[in-house]
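Chemist: give me a 3D structure for the following:
(one chain, ligands or ions: 2)
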Amino acid sequence: MFVNKIENYVFDNLAHKTLYKLAASNVIDSIDMTLSSGKEAVTFLGHSNTNPIVAKIYKIETSPFHNLQKYIVGDQRFKHVKKDKRNLFLAWASKEYKNLNLMLKNNVSCPVPIAIKENILIMSFIGEKDVAFPRLVNCKFDHEVIYEQIVDEYGKMLYGANLVHADFSAYNILVNPTTAKITIIDVGQAVLINHPKAQDFLKRDIINITDFLNKKHKKQITYEEFLNKLKKKKEEMYGRNNNSE
Ligand SMILES: Nc1ncnc2c1ncn2[C@@H]1O[C@H](COP(=O)(O)OP(=O)(O)OP(=O)(O)O)[C@@H](O)[C@H]1O
Ligand SMILES: [Mg+2]
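Modeler: Ligands and ions are numbered 1, 2, ... in the order given. Purely as a prediction, here's the structure:
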């Protein structure tokens, strides 16, 4: 049922076996085309009962050991994981699934995680008629509408799910071209707020996204402004006197 190769991507033994298991348990029916081939994962459009789904296959051979360590070690959820490359790698693949679940529980606009098996994550498809919604970096957009939503969604992620994205950029935000509603994706590297590097990652996320927004608009958003707006969002969520970080 599954071919060995899609476009330039050759499935290795582990991916092949895992796809068969996912099919045997009726999670997917087919893998049909490549959506994106990144450094550390390849993302495919597939189907399940004619509904589009996304399969993200993490690539062990090109995941640098120090990257795996950076995002897994220090995350309390993975403190019992053995620190060899294979175990760190599988923990990392499962991390995106866990993070999506946390986000979903806190009403963050993100793909719905469907299954995680070995190094393959299955999630809902963000798009229409088998065409993925474009990334913010490729969109024309209303600055104010997008800025408000970014603060809103990041605020829920940070203060609701207690997660810092850690790779936040216009490449990891999809935009529905009809409604302009955004969806945050690519959360494998997101860390809990008590991670030792969380504050550094948060600062980098804010700088990345404000730099992008500022290039597109006359009105410049400072780092402090963005942070204050996020804190207002927190007050909205929890009230003024709440001390939870
Ligand atoms: N749930 C989804 N629905 C629709 N498209 C998706 C979904 N997840 C990922 N994509 C598409 O696949 C691309 C890559 O996904 P993602 O950012 O999660 O992986 P990545 O490993 O970071 O790859 P890259 O290095 O290309 O960013 C996205 O930019 C998007 O176009
Ligand atoms: Mg990405």
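Chemist: tell me the bridge partners for residue 31.
Modeler: When bridges are called by DSSP bridges, residue 31 pairs up with residue 46.
Chemist: going forward, begin numbering at 729 instead of 1
Modeler: Happy to do that; since the first residue is 729 now, the last one works out to residue 759.
Chemist: now the helices for this protein?
Modeler: Counting by DSSP state H, the chain has helices at residues 741-752, 793-800, 813-833, 871-883, 926-943, 951-966.
Chemist: burial of residue 840, as a residue count?
Modeler: Under the neighbour criterion other C-beta atoms under 10 Å, residue 840 is assigned a count of 14. Glycine gets a C-beta too; all of them are placed from N, C-alpha and C.
Chemist: go on, residue 782?
Modeler: By other C-beta under 10 Å, neighbour count at residue 782 equals 21.
Chemist: hang on, it packs against residue 852?
Modeler: Yes - under the criterion of C-beta atoms under 8 Å, residue 782 makes contact with residue 852 at 7.1 Å.
Chemist: any common contacting residues for those two?
Modeler: Jointly contacting residue 782 and residue 852 under the rule C-beta atoms under 8 Å, 6 or more residues apart in numbering are residue 839.
Chemist: taking the protein, what residue is nearest to ligand 1?
Modeler: Relative to ligand 1, the nearest point of the chain is residue 766 (2.4 Å; C-beta to the nearest ligand atom).
Chemist: which phi and psi does that residue have?
Modeler: Main-chain torsions, residue 766, degrees, to the nearest 10: phi -100, psi -180.
Chemist: how about the contacts made by it?
Modeler: With C-beta under 8 Å, 6+ apart, residue 766 has no contacts at all.
Chemist: what about it, distance to residue 875?
Modeler: Note on residue 766: its distance to residue 875, by C-beta to C-beta, to the nearest Å, is 26 Å.
Chemist: which non-adjacent residue is nearest whichever residue of the chain sits closest to ligand 2?
Modeler: Residue of the chain nearest ligand 2, by C-beta to the ion: residue 914 (3.7 Å). Computed as C-beta to C-beta, 6 or more residues apart in numbering, the closest residue to residue 914 that is not its neighbour in sequence is residue 900, at 4.2 Å.
Chemist: equivalent analysis for residue 762, please.
Modeler: Per C-beta to C-beta, 6+ apart, closest to residue 762 is residue 735, 4.9 Å.
Chemist: what score does that neighbour have for pLDDT?
Modeler: Note on residue 735: pLDDT of 78.
Chemist: thought it was touching residue 761?
Modeler: Yes - Residue 735 is in contact with residue 761 according to C-beta under 8 Å; the separation is 7.2 Å.
Chemist: quick check: the nearest residue in space to residue 942 that is not next to it in sequence vs residue 882, distance?
Modeler: Among residues not flanking residue 942 along the chain, residue 948 sits closest, at 5.0 Å (C-beta to C-beta, 6+ apart). According to C-beta to C-beta, residue 948 and residue 882 sit 19 Å apart.
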